[in-house]
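[1] sequence plus predicted model, see below.
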Amino acid sequence: MLNTLVSTITYNGNDATTTFDYPFKIWAASEIELWITDAAGAETEVTTNFTLAGVGDETGGTVTYPTSGDPLPTGHKLTLRRVLEISQGFFDAVNNQAFHAETLESAIDKTVAQIQQVKADVDLGLRGSLASGIDPELPLPQAGKVLAWNATEDGIVNLAASGVVAEGSIGTTELGDDAVTGVKIAAAVAGDGLGRDVSDNFEVNVDDSTIEIATDILQVKDAGVTLAKLNADVVGRLIDVQVFTTDGTWTKPSGCTNVEAWVIGGGGGGGFAATAGRNASGGGGGGGTYEHITAGLGATETITIGAAGIGGIGVSSVQATAGGNSSFGSHSTANGGTAGISNSQAAAGVIGGTASGGDINITGGWSGPGIDDGTQGHGGYGGSPSFEHGHGGAGGNARSSDVAGEDATGYGGGGGGAVSIPSAAQVDGGAGTPGIIIVKSYS
């Protein structure tokens, strides 16, 4: 006896299950259909790669799918559906022959199964409520018309398609002067775009903030639009500045697409003087480079800052040192200034550091030479760095005393040279200053 109302069952895929129960009777293998519905809703009938068990069993059986290949994936569905031929080809009663109750019951079961099949199809269609009293008959098709309820709301008619407007199809020719008013536009909801307020003024909603058009005036309501929101999508705006005076790592800010990088090397140290009538030249200024980088930026870039050159030490005759090199990743390098020449009767000025890799590469300033004009000695001034981020130290200047070179100031300046005139005092050169890197990031 057919004792179930089920004639269709659907399973969700899980990337693992391959055996599925069907809880209804079928009399032949041809009386079951398999349908796959993918994640996009497209349906495909399965006609191969599956096996059946339980054909003829009163309580149904199982389907194995697939017999080869991957199991039904997550997001897909498998529908098992009983489908009978709508005919009476399974029972033929003949007068005066034996009457078998089981044969009759099987025939009745099949008839009920056919009714269940038709009902399942009908349930998928559109239906009116019992109390609607509508006429479900559809009118004959007419080109350019759409189906709609009639004026008495009890039947369906063809309606001119002018009442339905495709997205983006309204232009100035479709709108008459003053045709669209605030009353005709739905009330504004935060984030929904164009709407109207309680006074029927137009509103444009941005997140939880509102720009209102009222009496031909554009105004921001409730101070809701902040500078951050206005800047959010502006291309080319400055979003970050990082200044490095010691070694470190530059990290690319969120939203950064390009940077400007200024790199300056360390200034050289000034030379010492340790003998009467001797002088020294100042240290050279650090080189500098500027680069606008639009491609090849890493998520991080290594920062190297050139060390300050050490001034020469007169008492121990330790020579001055050059400034260190600064670099921004592998993009650009600014070399340190040359060390000043020590303890000379006429110490020549020295060149500043060179630079490479940038769009603009500038050699640091030359230092001043040491001078002895017979009556007065001068230590050379330190070289100035490129881009004016510092100053070289002043050289010693003496008529009747011994004077050390002055230290540089800022970043990338060379130290001043020393001078020893009357007493052969051992005097030191000035120290240079370290380099610097400035990185500006833009959206």
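    Nice, I can see it.
[2] need the three-state assignment for Ile438.
    Put simply, Ile438 is strand when judged by DSSP: H, G, I helix; E, B strand; the rest coil.
[3] to clarify, my last question referred to Gly340.
    Taking three-state DSSP as the rule, one finds Gly340 in the coil state.
[4] where along the chain do the helices fall?
    According to DSSP state H, the chain carries its helices in the segments 101-123, 227-231.
[5] those helices: lowest mean pLDDT?
    When the helices of the chain are compared on average pLDDT, helix 227-231 comes out lowest at a mean of 55.
[6] any idea how many residues pack against Val243?
    Residues contacting Val243 under the criterion other C-beta atoms under 10 Å number 11. Using the backbone N, CA and C atoms, a C-beta is placed for each residue, glycine as well.
[7] can you verify my assumption that it contacts Ile438?
    Yes. Between Val243 and Ile438 there is a contact under C-beta atoms under 8 Å: 5.3 Å.
[8] outline the domain layout of the protein.
    8-123, 182-224, 234-443 (automatic domain parsing).
[9] what does stretch 137-157 contact?
    Ser132, Gly133, Ile134, Asp135, Pro136, Asn158, Leu159, Ala160, Ala161, Gly163, Val164 (C-beta atoms under 8 Å, 6 or more residues apart in numbering).
[10] so how far is Gly337 from the nearest residue to Phe387 once chain neighbours are set aside?
    Excluding its sequence neighbours, the residue lying closest to Phe387 (C-beta to C-beta, 6 or more residues apart in numbering) is Gly288, at 4.7 Å. Gly288 is 11 Å from Gly337, where distance means C-beta to C-beta, to the nearest Å.
[11] tell me which of these two has more neighbours.
    Using other C-beta under 10 Å as the criterion, Gly288 and Gly337 rank with Gly337 on top: 45 against 32.
[12] show the contacting residues for the nearest residue to that one once chain neighbours are set aside.
    With sequence-adjacent residues excluded and distances taken as C-beta to C-beta, 6+ apart, Gly337 is closest to Gly284, at 3.2 Å. Gly284 makes contact with 267-268, 322-323, 337-340, 350-353, 364-367, 382-383, 414, according to C-beta under 8 Å, 6+ apart.
[13] likewise Ile341?
    Counting by C-beta under 8 Å, 6+ apart, Ile341 touches Gly271, Ala280, Ser281, Ala347, Ala348, Val350, Gly370, Gly417.
[14] just the pLDDT at the last one, thanks.
    Listed pLDDT for Gly417 reads 88.
[15] list the contacts of Ile303.
    Neighbouring residues of Ile303 by C-beta under 8 Å, 6+ apart: Phe244, Asp247, Gly248, Thr249, Trp250, Ser327, Phe328, Ile437.
[16] that one pairs with what?
    Applying DSSP bridges to Ile303 gives these bridge partners: Gly248, Phe328.
[17] from Tyr442, how far off is the residue nearest to the spatial centre of the chain?
    With distances taken as C-alpha atoms, centre = their mean, Gly255 lies nearest the centre of the chain, 7.2 Å away. Here the criterion is C-beta to C-beta. By it, Gly255 lies 9 Å from Tyr442.
[18] intersection of neighbour lists for those two?
    Joint contacts of Gly255 and Tyr442 (C-beta under 8 Å, 6+ apart) are Ile239.
[19] next, the buried residues of stretch 319-336.
    The neighbour-count check on stretch 319-336 (16 or more other C-beta atoms under 10 Å) flags 319-329, 331-336 as buried.
[20] per-residue pLDDT of Val225, please?
    52.
[21] now Leu84
    For Leu84, pLDDT reads 85.
[22] from what I can see it touches Gln114, true?
    Yes. Assessed by C-beta under 8 Å, Leu84 is found in contact with Gln114 at 5.3 Å.
[23] give me the common contacts of the two.
    Residues touching both Leu84 and Gln114 (C-beta under 8 Å, 6+ apart): there are none.
[24] ends of stretch 65-82, how far apart?
    16 Å (C-alpha to C-alpha, to the nearest Å).
[25] likewise stretch 325-332?
    End residues of stretch 325-332 are separated by 11 Å (C-alpha to C-alpha).
[26] which residues touch it?
    Applying C-beta under 8 Å, 6+ apart, the contact partners of stretch 325-332 are 250, 261, 263-266, 286, 289, 291, 293, 296, 298, 301-306, 333-336, 353, 355-358, 361, 435-437, 439.
[27] distance from the chain centre to it, please.
    From the chain centre to the centre of stretch 325-332 is a distance of 27 Å (C-alpha atoms, centre = their mean, to the nearest Å).
[28] next one: stretch 280-289
    Using C-alpha atoms, centre = their mean, the offset of stretch 280-289 from its chain centre is 43 Å.
[29] what number of residues lie near Ala113?
    21.
[30] which residues are in contact with it?
    Here Ala113 is in contact with Leu2, Ser7, Phe24, Lys25, Arg82, Leu84 (C-beta under 8 Å, 6+ apart).
[31] among those residues, which lie within strands?
    Arg82 (DSSP state E).
[32] for the stretch 151-300 of the chain, which segments count as strands?
    Remark: strands assigned in the stretch 151-300 of the chain by DSSP state E, counting those that start in this stretch are 156-160, 194-196, 202-206, 209-214, 217-221, 238-244, 248-251, 258-264, 278-279, 288-293, 300-304.
[33] what helices and strands are in contact with the shortest one?
    This points to strand 278-279. Judged by 3 or more C-beta pairs under 8 Å, 6 or more residues apart in numbering; DSSP states H and E, the packing partners of strand 278-279 are strand 419-420.
[34] again, only this time at 6 Å
    Applying 3 or more C-beta pairs under 6 Å, 6 or more residues apart in numbering; DSSP states H and E, we find strand 278-279 packed against no helix or strand.
[35] could you check how far Gly284 is from Gly56?
    Gly284 is 101 Å from Gly56, by C-beta to C-beta.
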